[in-house]
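> this is a predicted model, with the sequence first.
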Amino acid sequence: MSSEGNTVIGLLGGGQLGRMLCEAANPLGIDIAILDEQNAPAKQAHNTNRHVLGSFKDPERIKELAARSDYLSVEIEHVDTEVLEEIEKNGVQVDTKDGVVTHRPPIHPSWKTIRLIQDKYLQKEHFKSSGKGIPIAEQIAIESGDGALDSLKEAGEKFGFPFMLKARKGSYDGRGNYKIDSEDDFEPAIKALGTLPLYAEKWAPFVKELAVMVIRTEDNDGNLRACVAYPAVETIHEDSICTKVFMPPREVSEEICEKARKLASEVISTLWGRGVFAVEMFLLDDDSLMINEVAPRPHNSGHYTIEAVPYMSQYQAQLHAVLDLPVPEKLIPRVQSSIMLNILGGAKPESHHNLSALARGHFDEDMDVYLHLYNKVSKPGRKIGHITLTGFCSIEELEAKAKPFIEMVDEIRE
Ligand code: ATP
Ligand code: MG
Ligand code: MG
């Protein structure tokens, strides 16, 4: 408990997701203690004397955070799970006026979930063997070192070309991925990624990428209560980085959207702990779905919920789930359509300024415009903000109205 009596969630990581979590926590009187560097985007958005300075990978700092928190959660999955496991089992020692006591803050989602998801290969093996009929792309582990070349040849024979070579751990925004078009790519791929544990994935010839955010709740004994899905969205990736999100997906039937939500809930039901999760999937041309990967936290594809599902955004949902507060049985948006556009840093630090100005000056009965800047230093391709557009019209009509914004976002990337 904080000195004001507010519940304290200790958060590993303080980037834009943590910042938006703080923005949701502030009016609810929830205190968030952030473990990250000085002035990280989340620390700027929430004033408390509980922030911890350091890396969310540093076991000692994680224990320090645990000692001053009622609960622990993450805004990034690339954290040290060994220490989280230790905290759950043995707690941390805290000095109080009554002497040293053992303090054991609940961790949500569970370190087991975070550890599994960190390894994208094991994550999907888990889904495959869950017995729930969760479809994933065929995959094989790739040997490291001298065995890599033979193992890549085996992948080529098994999957044909192209196929995707991926780092099992630590990747984001497609940074650990290498598309293998032919045997000629083996050597450069090994050069680029060869020092990391790798796996190969059959190419997914998708027509669209969809994503569904899911709130997972369970009781304090780990019994699943519910998996509640937000609407399905269409995600657009350019150069492997998410640039746009459309709700509802364009030219996708309601039936498929419903199927995506059901599948996402099944996937998340196989994990452990409370919180919001993102399920990224591929829609194939026979209308079937395939799971790409899961994120155990609020996600870029769920930013739109801040304005489109304002009574329970993905950030408020994360707070409610972690603290075991009530969660709605259904998540119905309050608008008909929504588009989220990521603002990625351009060639110059000021490349996005015209876009921000456009967003600030746009008032229109038919389309509401919401600008979010994360106060991060702009670097080419870095996520520095986003714009959410909402409307009471079809997604196609909203897209037409959003044209000046979409064009400007695309220009910044050129
Ligand atoms: P994130 O930032 O979402 O964590 P990541 O670095 O973990 O990304 P992936 O989600 O594995 O990377 O892949 C990034 C993108 O690459 C996907 O959204 C998709 O566009 C493309 N992609 C990934 N795997 C495949 C595949 N097997 N076949 C075709 N395209 C793929
Ligand atoms: Mg990923
Ligand atoms: Mg991904």
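Perfect, I can see it now. Ligands and ions are numbered 1, 2, ... in the order given.
> and Ala260, how far from Glu350?
Going from Ala260 to Glu350 by CB to CB, to the nearest Å gives 39 Å. All C-beta atoms are positioned from the backbone trio N, CA, C, and that covers glycine.
> the two: which is more packed in?
Ala260 (23 against 10; other CB atoms under 10 Å).
> ramachandran angles for the nearest residue in space to Pro109 that is not next to it in sequence?
The shortest distance from Pro109 to any non-neighbouring residue, by CB to CB, 6 or more residues apart in numbering, is to Gly273 (3.4 Å). When read as degrees, to the nearest 10, the backbone of Gly273 gives phi 100, psi 170.
> from ligand 1, how far out is Gly273?
Distance from Gly273 to ligand 1, counting by CB to the nearest ligand atom, to the nearest Å: 19 Å.
> can you confirm Ile343 is in a strand?
Yes. Ile343: assigned to a strand according to DSSP: H, G, I helix; E, B strand; the rest coil.
> what about the closest residue to ligand 1 within the stretch 301-414 of the chain, which SS state?
Nearest residue of the stretch 301-414 of the chain to ligand 1: Ser301, at 8.7 Å (CB to the nearest ligand atom). Classification of Ser301 using three-state DSSP returns helix.
> what does the stretch 101-250 of the chain put close to ligand 1?
Contact residues (CB under 6 Å from any ligand atom) of the stretch 101-250 of the chain with ligand 1: 137, 164, 166, 171-177, 201, 203-204, 209, 237, 240.
> tell me which two in those are the farthest apart.
With CB to CB as the measure, no two of these lie farther apart than Tyr172 and Trp203, at 20.7 Å.
> so between these two, which is more surrounded?
Trp203 (16 against 12).
> now do the more buried one, the pLDDT please.
Looking at Trp203, its pLDDT stands at 98.
> can you show me the helices along the stretch 101-250 of the chain?
Secondary structure of the stretch 101-250 of the chain (DSSP state H, counting those that start in this stretch): helices located at 111-118, 120-128, 148-159, 186-193.
> and the third one, how far out from the chain middle?
Going back to what we said before, that points to helix 148-159. In this view, helix 148-159 has its centroid 31 Å away from the chain centroid, taken as CA atoms, centre = their mean, to the nearest Å.
> buried ones in that helix?
Ala148, Leu149, Ser151, Leu152, Ala155, Gly156, Phe159 (16 or more other CB atoms under 10 Å).
> try the last one
Along helix 186-193, the positions that meet the burial threshold by neighbour count (16+ other CB under 10 Å) are Phe186, Ala189, Ile190, Leu193.
> again, but for stretch 384-401
By 16+ other CB under 10 Å, the buried positions in stretch 384-401 come out as 384-391, 393, 395, 398-399, 401.
> inside strands: which ones of these?
Applying DSSP state E to those, the entries found in strands are Ile384, Gly385, His386, Ile387, Thr388, Leu389, Thr390, Gly391.
> my read: the fifth one touches Met340, true?
Yes. Counting by CB atoms under 8 Å, Thr388 sits close enough to Met340 to count as a contact (5.1 Å).
> tell me the mean pLDDT over the helix or strand hosting Leu21?
Taking DSSP states H and E as the criterion, Leu21 maps to helix 16-28. Per-region confidence: helix 16-28 scores 98 on mean pLDDT.
> what's next to that helix, contact-wise?
When contacts are defined by CB atoms under 8 Å, 6 or more residues apart in numbering, helix 16-28 is touched by residues 9, 11, 31-32, 34, 36, 40-42, 44-46, 75-76, 297-299, 303, 306, 313, 315-316, 318-319, 372, 374, 376, 383.
> and the angle for the longest strand belonging to the chain with helix 111-118?
Using DSSP E, we find that the single longest strand of the chain is strand 206-218. If you take axes from the mean of the first three to the mean of the last three CA atoms, to 10 degrees, strand 206-218 sits at 170 degrees to helix 111-118.
> report all helices and strands that strand 206-218 contacts.
Under the contact criterion of 3 or more CB pairs under 8 Å, 6 or more residues apart in numbering; DSSP states H and E, strand 206-218 touches strand 224-229, strand 233-238, helix 254-269, strand 275-284, strand 289-295, helix 314-323.
> buried ones in that strand, by neighbour count?
Lys208, Glu209, Leu210, Ala211, Val212, Met213, Val214, Ile215, Arg216, Thr217, Glu218.
> report pLDDT for the second one.
In this model, Glu209 is scored at 98, pLDDT.
> how about it: what's its closest non-neighbour residue?
Sequence neighbours aside, Thr235 is the residue nearest to Glu209 in space, at 4.8 Å (criterion: CB to CB, 6+ apart).
> likewise the fourth one?
Once flanking residues are discounted, Ala211 sits nearest to Ser301: 3.8 Å by CB to CB, 6+ apart.
> before we move on, what about Glu125?
Using CB to CB, 6+ apart, the closest residue to Glu125 is Gln139 (7.8 Å).
> how about Gly345?
Gly345's closest residue in space is Ser378 (CB to CB, 6+ apart), at 3.8 Å.
> partners of the helix or strand containing Leu11 in the sheet?
Assigned by DSSP H and E, Leu11 belongs to strand 8-12. Strand 8-12 sits in its sheet next to strand 31-36 (parallel), strand 71-74 (parallel), going by DSSP bridges.
> which stretch among those comes nearest ligand 1?
That would be strand 71-74 among those, by CB to the nearest ligand atom, at 14.0 Å.
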